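# Below: sequence and its predicted model.
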Amino acid sequence: MLRTLRISHKYVNRSFAISSIFSISSICQYLDMEVIDANWIKRHLTGQRGERSRLAEATGLSTDIISKIISGKRRVKSEEAPKIVAFFKADDSSSVDTHDLMKLYASLSEDRQRQAEEFLRFLATQEGN
């Protein structure tokens, strides 16, 4: 099997190889992170009049795109997620800072630290794609 993995590694692109080791939901669960999707947005909407318009303005997206995301016809792009979170958590002081992330990293086993580093390097390569 190890030989098969070595051979297949040559033909599989890096992002697929990493995604087979990690799934986004398992990484988010492990790191206690939330997946920002239509369901997340629906849970955070209060139903206030004009809230979707304010969300669109805060994120730089059209109200049409916000509606498509909420209805599930369009996914949240990686560069949009932080803006969406910021809109809903503008007054929330529970956001994670660098110090908290370093404490979390230090609490991991060496193997998990290596995996986290690999994943962060992968995410860095995806910036701007």
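Received, thanks.
# For G50, grab the count of nearby residues.
Applying other CB atoms under 10 Å, we find 8 residues neighbouring G50. Where you see a C-beta, it was placed from the backbone N, CA and C, and this is true even at glycine.
# Also I41?
Using other CB under 10 Å, I41 has 19 neighbouring residues.
# L61 now?
L61 has 20 nearby residues by other CB under 10 Å.
# Can you tell me the SS state at it?
On the three-state scheme (DSSP: H, G, I helix; E, B strand; the rest coil), L61 is labelled coil.
# how close does it sit to S107?
36 Å (CB to CB, to the nearest Å).
# Also V85?
Counting by CB to CB, the gap from V85 to S107 is 24 Å.
# Which of those two has more residues huddled nearby?
Neighbour count, other CB under 10 Å: between V85 and S107, V85 has more, with 19 against 9.
# What residues of the helix or strand harbouring A124 count as buried?
Assigned by DSSP states H and E, A124 belongs to helix 110-126. Neighbour counts over helix 110-126 (16 or more other CB atoms under 10 Å) mark 115-116, 119 as buried.
# Using CSV, please lay out the residues you listed together with pLDDT and distance to I69.
Listed next are the buried residues of helix 110-126 as CSV, based on pLDDT from 0 to 100; distance: CB to CB, whole Å:
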residue, pLDDT, distance to I69
Q115, 92, 30
A116, 90, 28
F119, 89, 25
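# Number of residues surrounding I84?
Neighbours of I84 (other CB under 10 Å): 21.
# I'd assumed E34 was in contact with it.
No. Counting by CB atoms under 8 Å, I84 stays clear of E34, with 10.7 Å between them.
# Who are the contact partners of A81?
Going by CB atoms under 8 Å, 6 or more residues apart in numbering, A81 touches I36.
# Check S71 too.
A38.
# Check V85 too.
V85 touches I36, counting by CB under 8 Å, 6+ apart.
# where does it land in three-state SS?
helix.
# Just the pLDDT for it.
V85 carries a pLDDT score of 90 in this model.
# Backbone dihedrals for the nearest residue to E51 once chain neighbours are set aside, please?
Counting by CB to CB, 6 or more residues apart in numbering, L45 is the residue found nearest to E51 once chain neighbours are left out, at 6.0 Å. Main-chain torsions, L45, degrees, to the nearest 10: phi -70, psi 140.
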